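Student: Predicted model and sequence follow; I will ask about them next.
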Amino acid sequence: MQLGARDDINIIDRRWPSEHYNDLAKKVLNELNGSVVFLGEKNDSSICKSIESNINSNQLINLCGLTTINQDAAILENCTILVCNNSGLLPLSVALNTRTISFSGGINLARYSPYFKENHQVILNNASCVETYCLKCPMKGRACLFPIQPETVLSKLKIILSQL
C-alpha cells in the first residue's frame, strides 16, 4: 500500500483517508490472511507508523520513507497487488505489470488512468462535480474519495485474488 499523494498546488487532496487504509489493512490481515507492506515518501511515514502501531502485526511491514525508488521497484515486482492513490508508485507498478487498485478524484481519467486495464482498477466515486477536475471543489477531493469504503476495496481485492 502507498498512502501518500502530492497535493496538486492546494487544489485537491488526492489521498484516500488514512483511516480507510487502516481499516483495509486490518481486513487484509484478518479476513484474507495476507500481508501488508507500506511504501512511500518520508513525509508520509508518520501516518504509516501510526497505522502500524494501531494494528501491531508481524504481517504488516512499514517501509514508508525507508526505501529508494529502485528498492520500491524490486518490492513491487514481488507484490500481488498495490493499493494506492493516483500518485507515485502507480505508474511504476503499471510498468512492472504489478496489479493495482487505485483511487481517483475528479481528474482526467483518459489522461491519468493506468494502461493495461485488465490488471489495473481505478475506484472512482462519481461525485456530481467530477467534470470540473476538482478545480472548483471546496472540499478538495473529499466528496470523491472519502465515500469509498474499505469494504468496497476488499471486495475488489477478493475478486482479483480469486482470478490468480
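Tutor: Alright, I've got the coordinates.

Student: Every contact and neighbour count from this point should use C-alpha atoms.
Tutor: Noted.

Student: can you give me the offset of the helix or strand hosting N22 from its chain's centre?
Tutor: Per DSSP states H and E: N22 is located in helix 18-30. Using C-alpha atoms, centre = their mean, to the nearest Å, the mean C-alpha position of helix 18-30 is found 12 Å from that of the whole chain.

Student: buried sites along that helix?
Tutor: 18, 20-29 (16 or more other C-alpha atoms under 10 Å).

Student: Check stretch 42-59 too.
Tutor: By neighbour count on 16+ other C-alpha under 10 Å, the buried set for stretch 42-59 is 44-45, 48, 51-52, 55.

Student: ok, back up a step: what residues does the helix holding N22 touch?
Tutor: Helix 18-30 is contacted from outside by 3, 34-36, 47, 51, 55, 59-60, 149-151, 153-154, using C-alpha atoms under 8 Å, 6 or more residues apart in numbering.

Student: Quick check: which helices or strands does whichever helix or strand comes after that helix pack against?
Tutor: The helix or strand immediately downstream of helix 18-30 is strand 36-38, counting by DSSP H and E. The contact analysis (3 or more C-alpha pairs under 8 Å, 6 or more residues apart in numbering; DSSP states H and E) places strand 36-38 against helix 18-30, strand 60-62.

Student: okay, those in TSV with distance to I123 and mean pLDDT next?
Tutor: Listed next are the helices and strands packed on strand 36-38 as TSV, based on distance: least, C-alpha to C-alpha, whole Å; pLDDT from 0 to 100:
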stretch	distance to I123	mean pLDDT
helix 18-30	14	96
strand 60-62	24	96
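
Student: can you redo these as JSON lines with distance to I101?
Tutor: Output for those, formatted as JSON lines (distance: least, C-alpha to C-alpha, whole Å):
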{"stretch": "helix 18-30", "distance to I101": "12"}
{"stretch": "strand 60-62", "distance to I101": "19"}
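
Student: picking up where we left off before, taking the buried residues of helix 18-30, tell me the two that lie furthest apart.
Tutor: Farthest pair in the buried residues of helix 18-30 (C-alpha to C-alpha) is S18 and L29. Separation: 16.5 Å.

Student: Would you enumerate the residues in contact with the residue nearest in space to the middle of the chain?
Tutor: Nearest to the geometric centre of the chain sits C84, at 1.5 Å (C-alpha atoms, centre = their mean). Applying C-alpha under 8 Å, 6+ apart, we find C84 in contact with 1-4, 90, 100-103.
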